[in-house]
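Participant: make a model of this:
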Amino acid sequence: MTTTPPGAAAARLAVARAALARAGEVLAGPVPGWRGAAAGVATGARTSLRERHAALLADVDGVLAALGTAAAALAGSAPPEAVDAALAAALDGAGHTPAGPPPTGVTGTGGPDPGEVARWWAGLDPDARAALERERPSLVGALDGLPAAVRDRANRVLLAGAQEDARREEQAVRDRLVRTADPVELASIGWELHEVRARLARLAAVAAAVDAPGRALLDLEVDPRADDGSGGGAGVRAAVARGDVDAAAHVGVFTAGFTTGVDELPGRLGELDALAAAAGPGTAAVAWYGYDAPQAHEVADPDRSVLGRGPADEGAPRLVSFLDGLDAARPGHEAHVTAIGHSYGSVVTAAAVAPGGAEGVDDVVSLGSPGVGEAPGRPPGHAWVVEAAGDPVADTAWFGPDPNRMSGVTGLSAREVVLPDGRVLAESRGHGAYLTPGTTSAANVATVVGGRPQDAVLDRGVDAGDRLRRLVGG
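Facilitator: Model (predicted):
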């Protein structure tokens, strides 16, 4: 029987490794313009394949190192048993990451199941966890089911890197701009500069939102290829928490709607600070901007229009994974979780808590909702609606029955209220003031989030718009 010297085997393996690396370049290239409901699943699967490809390359590198060890031992005229021991020891650690591979896609997003992620993380030793945080922050920051503090550290690293990349890109585009005199090229480069500056502004908004005590960056996705410079959150998704979601007894998760994006995170976190304080001690809140909300310029796009379910169908599985991850990260002491959806965000939230969706949500609150489908998603006493006077969106019933007319849904007042202690809570009017501090609407949402619904002021909010819709048969 002839044997292949370790050096020759290593040379052959190095050639194969190079071919494997080239084959994986397609996974690192640009995404081919995926859109629609399947885009999230495809993107998640692509990310999983990239991670597995990187792990396979690491395994090959480990075997190459082991063969090098054996070759060095032979060159030193070591006895066969010493060579065998050296090779065995090297192979034992070849390509071995103390963490092992994380669970792979079994959810609607194409990403790992949060429960599986939590169990995988719990089985790692501290050194393995530290190595993953240090070497693979993009993986750690994206995994629903990991502790909030862990994701926060990883995502802050990613945020700083994304900002630095965008600043370098801006400088490069500016340099190209001053070197050209061609009118067509000037227009093209000018648009590129507009796009990268829009991304910088979004990243700056995320940074401002987390730059306060008690804030945590629970999720961050940056895709420069998605920039369109037209407003909203194109190219940047994020979820920011105030308070400790891993220890809080009560957690509210807010999902925004039409025309929104991460640029509004600083202001939204201010509202959630006030909401959590009103809800009571042990309350945390999350501003979840983890989907691409429909924008005004997309109204005519059938896949992206606010008049259709495309963005909601794409965003709901992401929200399901995030909500399930909150409980998975704290096994044995689950929180009371309230999902709050405003405007089109209520459509996303309703889809996420529908049967077969998020399991750990206890209460659902719809604010200014254009309809949530045929069922509220939670049993009577745990589904709530707030409809302010003069809110035209809440009177459309575009996506199904108006929640303020559905059985099993309790109406929370948005009108002015004088409390027994003489304090006056202000009325909310129109579509955008539901969580304004000092309003009856915000106070009522706080009672639900804080597990004190008996303190709420009830009112279905039926107004002239509802009556008009009934008259015309809506």
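
Participant: skip the chain neighbours and tell me the closest residue to Gly430.
Facilitator: Nearest residue to Gly430, sequence neighbours excluded (Cβ to Cβ, 6 or more residues apart in numbering): Gly390, at 5.2 Å. Yep, even glycine has a C-beta here, placed from its N, CA and C like the rest.

Participant: next: Ala443.
Facilitator: Leu425 is the one closest to Ala443 (Cβ to Cβ, 6+ apart), at 5.4 Å.

Participant: stretch 380-398: end-to-end distance?
Facilitator: Stretch 380-398 has an end-to-end distance of 23 Å (Cα to Cα, to the nearest Å).

Participant: now do Arg179 against Asn155, distance only.
Facilitator: 36 Å (Cβ to Cβ, to the nearest Å).

Participant: quick one: the residue nearest to Gly430 and Gly411, what's the gap?
Facilitator: Gly390 is 16 Å from Gly411, by Cβ to Cβ.

Participant: out of these two, which sits in the more crowded spot?
Facilitator: The neighbour comparison of Gly390 against Gly411 (other Cβ atoms under 10 Å) goes to Gly411, with 21 against 14.

Participant: which of the helices or strands spans that one?
Facilitator: Under the criterion of DSSP states H and E, Gly411 resides in strand 410-412.

Participant: how about Val385?
Facilitator: Using DSSP H and E, Val385 falls in strand 383-386.

Participant: tell me the contacts of the residue nearest to Thr440 when sequence neighbours are not counted?
Facilitator: Distances taken as Cβ to Cβ, 6+ apart place Leu425 nearest to Thr440, at 4.1 Å, with adjacent residues excluded. Shown in contact with Leu425 (Cβ atoms under 8 Å, 6 or more residues apart in numbering): Glu416, Val417, Val418, Leu419, Gly438, Thr439, Thr440, Ala443, Val457.

Participant: so what pLDDT did Leu425 get?
Facilitator: Leu425 carries a pLDDT value of 97.

Participant: who's it bridged to?
Facilitator: Val417 (DSSP bridges).

Participant: do Val386 as well
Facilitator: For Val386, the beta-bridge partners under DSSP bridges are Leu367, Leu412.

Participant: so Val424 touches Val418, yeah?
Facilitator: Yes. At 5.4 Å, Val424 and Val418 qualify as touching, with contact defined as Cβ atoms under 8 Å.

Participant: residue ranges of the helices in the chain, please?
Facilitator: Using DSSP state H, the helices assigned to the chain run over residues 6-23, 25-28, 39-75, 80-92, 114-122, 126-135, 137-142, 148-179, 183-210, 265-279, 310-328, 344-352, 440-449, 464-471.

Participant: can you report how many residues lie near Arg12?
Facilitator: By other Cβ under 10 Å, the residues close to Arg12 number 11.

Participant: one more: Val365?
Facilitator: By other Cβ under 10 Å, 28 other residues sit near Val365.

Participant: contact partners for it?
Facilitator: Each residue near Val365 by Cβ under 8 Å, 6+ apart is listed here: Thr338, Ala339, Ile340, Gly341, Trp384, Val385, Val386, Leu412, Val445, Val448, Val449.

Participant: and for the fourth one, nearest residue in space, chain neighbours not counted?
Facilitator: Read that as Gly341. Thr349 (3.2 Å).

Participant: out of the contacts of Leu425, which comes closest to Gly282?
Facilitator: Using Cβ to Cβ, the shortest approach to Gly282 within the contacts of Leu425 belongs to Ala443, at 18.0 Å.

Participant: am I right that the closest one is in contact with Ala278?
Facilitator: Yes. Applying Cβ under 8 Å as the test, Ala443 and Ala278 come out as touching, 6.0 Å apart.

Participant: who has more neighbours, those two?
Facilitator: Just comparing Ala443 and Ala278: by other Cβ under 10 Å the higher neighbour count belongs to Ala443, 24 against 18.

Participant: Ala296: neighbouring residues, count only.
Facilitator: 11.

Participant: residues near Val385, how many?
Facilitator: Using other Cβ under 10 Å, Val385 has 25 neighbouring residues.

Participant: so it versus Gly377, what's the distance?
Facilitator: Distance from Val385 to Gly377, counting by Cβ to Cβ: 12 Å.

Participant: please name the nearest non-neighbouring residue to Ala166.
Facilitator: Spatial nearest neighbour of Ala166, excluding adjacent residues (Cβ to Cβ, 6+ apart): Leu200 at 4.8 Å.

Participant: tell me the pLDDT at the one you found?
Facilitator: At Leu200, the predicted lDDT confidence score is 96.

Participant: which residues does it contact?
Facilitator: Counting by Cβ under 8 Å, 6+ apart, Leu200 touches Gln163, Ala166, Arg167, Glu170.

Participant: what residues are up against the second one?
Facilitator: To tie it back to what came earlier, the one meant is Ala166. Residues near Ala166 by Cβ under 8 Å, 6+ apart: Val196, Arg199, Leu200, Leu203, Pro224.

Participant: pLDDT value on it, please?
Facilitator: pLDDT, Ala166: 94.

Participant: how far away is it from Val196?
Facilitator: Per Cβ to Cβ, Ala166 is found 6 Å from Val196.

Participant: find residues that contact each of the two.
Facilitator: Common neighbours of Ala166 and Val196, counting by Cβ under 8 Å, 6+ apart, are Pro224.

Participant: ok, the most centrally placed residue in the chain to Glu185 distance?
Facilitator: The centroid of the chain falls nearest to Gly290 when counting by Cα atoms, centre = their mean (3.6 Å). Distance, Gly290 to Glu185, by Cβ to Cβ: 37 Å.

Participant: before we move on, what about Gly252?
Facilitator: For Gly252, the distance to Glu185 equals 49 Å [Cβ to Cβ].

Participant: same question, Gly422
Facilitator: Applying Cβ to Cβ, the value for Gly422 to Glu185 is 67 Å.

Participant: residues contacting Ala287?
Facilitator: Taking Cβ under 8 Å, 6+ apart as the definition, contacts of Ala287 comprise Ala209, Ala239, Val240, Ala241, Phe254, Ala256, Leu265, Arg268, Leu269, Leu272.

Participant: pick out the most distant pair among these.
Facilitator: Spanning the widest gap among the contacts of Ala287 are Ala241 and Ala256, at 15.0 Å by Cβ to Cβ.

Participant: who has more neighbours, the two?
Facilitator: Each of Ala241 and Ala256 has its neighbours counted (other Cβ under 10 Å); Ala241 has more, 29 against 24.

Participant: ok, now which ones touch that one?
Facilitator: Applying Cβ under 8 Å, 6+ apart to Ala241 gives the contacts Ala148, Arg215, Ala216, Leu218, Ala284, Ala285, Val286, Ala287.

Participant: now a PyMOL select for only the buried ones of those residues.
Facilitator: Buried subset of the contacts of Ala241, written as a PyMOL selection, criterion 16 or more other Cβ atoms under 10 Å:
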select buried, resi 148+215+216+218+284+285+286+287
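
Participant: next, format the contacts of Ala241 as a markdown table and append distance to Asp301 and pLDDT.
Facilitator: Formatted as a markdown table, those follow (distance: Cβ to Cβ, whole Å; pLDDT from 0 to 100):
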| residue | distance to Asp301 | pLDDT |
| --- | --- | --- |
| Ala148 | 35 | 98 |
| Arg215 | 34 | 98 |
| Ala216 | 34 | 98 |
| Leu218 | 29 | 98 |
| Ala284 | 36 | 98 |
| Ala285 | 32 | 98 |
| Val286 | 29 | 98 |
| Ala287 | 26 | 98 |
